[in-house]
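Participant: Got a sequence here, can you build the structure:
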Amino acid sequence: MKPALAALALLLAASPAAAQEAGGEDWAYSHDRFLTSAAVTFNEGQEVVVRCRRGTLEVSLRGLAPAGADAEGRRLEVGFGDAPPRPTFWVVGQTLTSAYAIHPAFVARKLRSGGLLRVIVPAEAGGLRREYRLDLPPSPAAIDAVLGECGRPRNDPRDRNRDVPAARSRPGKP
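Facilitator: Below you'll find the predicted structure:
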């Protein structure tokens, strides 16, 4: 019986949720002439990236379950901290496993304090529902530097009256 319990303990320790929480000790920051970014990568391959490229701010989630081949956008349920995940709409990246925030400045400001980020990919076309629980380290300096590089404020009073942007039928302007 004891070997079975030991095997179960090893299996639980190797689960995706445990691996995701163990990864990403700190955000990697880089800056050059045309690109400033802050990124954190998790052991299971998920990555959260905030970047300013030639004056355009982007926030992306990478390493998600793939979107459909013809998808331009996808619905994700996103929650920060103890807040329950809410439906949101993200633009699908070229790899189909990445998604880009429609409201990147708002999302970047939510990410900088760190904490639990929950991302739920609903079941699509007979696929399985996937939930990612990413324990983000705080990164106010790195994310503030990216926001500043793109001319976006570190604080925006409108954020107090906003929650995670609700799902939309089509992408809007970032």
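Participant: Flag the shaky bits of the chain, pLDDT-wise.
Facilitator: For the chain, the stretches with pLDDT under 70 are 1-25, 125, 161-174.
Participant: What's the separation between the residue nearest the centre of it and residue 41?
Facilitator: The chain has residue 61 as the residue nearest its centroid, 4.0 Å off, counting by C-alpha atoms, centre = their mean. According to C-beta to C-beta, to the nearest Å, residue 61 and residue 41 sit 12 Å apart. Every C-beta, even on glycine, is put in place using the N, C-alpha and C of the backbone.
Participant: any shared contact partners between these two?
Facilitator: Both residue 61 and residue 41 are contacted by residue 47, under the criterion C-beta atoms under 8 Å, 6 or more residues apart in numbering.
Participant: Do a quick rundown of the helices in the chain.
Facilitator: Under the criterion DSSP state H, helices of the chain are mapped to 2-13, 16-22, 104-111, 140-149.
Participant: which residues touch stretch 112-132?
Facilitator: 16, 20, 46, 48, 61, 64-65, 67-68, 74-82, 85, 111, 133-140, 142-144.
Participant: Please check those residues and keep the buried ones.
Facilitator: 16, 20, 46, 48, 61, 64-65, 67, 74-80, 85, 111, 133-136, 139, 142-144 (16 or more other C-beta atoms under 10 Å).
Participant: Backbone dihedrals for residue 82, both of them.
Facilitator: Phi and psi for residue 82, reported as degrees, to the nearest 10, are phi -80, psi -10.
Participant: Find the nearest non-adjacent residue to it, please.
Facilitator: In space, and not counting its chain neighbours, residue 82 is closest to residue 116: 7.7 Å by C-beta to C-beta, 6 or more residues apart in numbering.
Participant: and the one you found, how far is that from residue 150?
Facilitator: 26 Å.
Participant: Kindly report the same for residue 139.
Facilitator: Distance from residue 139 to residue 150, by C-beta to C-beta: 16 Å.
Participant: Mind checking which of the contacts of stretch 112-132 land in strands?
Facilitator: In strands, defined here by DSSP state E, the members of these are 48, 61, 74-80, 133-136.
Participant: for those residues, which one is nearest residue 29?
Facilitator: Of all the ones in strands among the contacts of stretch 112-132, the one with the least separation from residue 29 (C-beta to C-beta) is residue 48, at 13.1 Å.
Participant: Grab the nearest non-local neighbour of that closest one.
Facilitator: Spatial nearest neighbour of residue 48, excluding adjacent residues (C-beta to C-beta, 6+ apart): residue 40 at 5.3 Å.
Participant: hmm, back to that, between residue 116 and residue 150, which has more neighbouring residues?
Facilitator: Using other C-beta atoms under 10 Å, the more surrounded residue of residue 116 and residue 150 is residue 150, with 19 against 14.
Participant: Cheers, nothing more for now.
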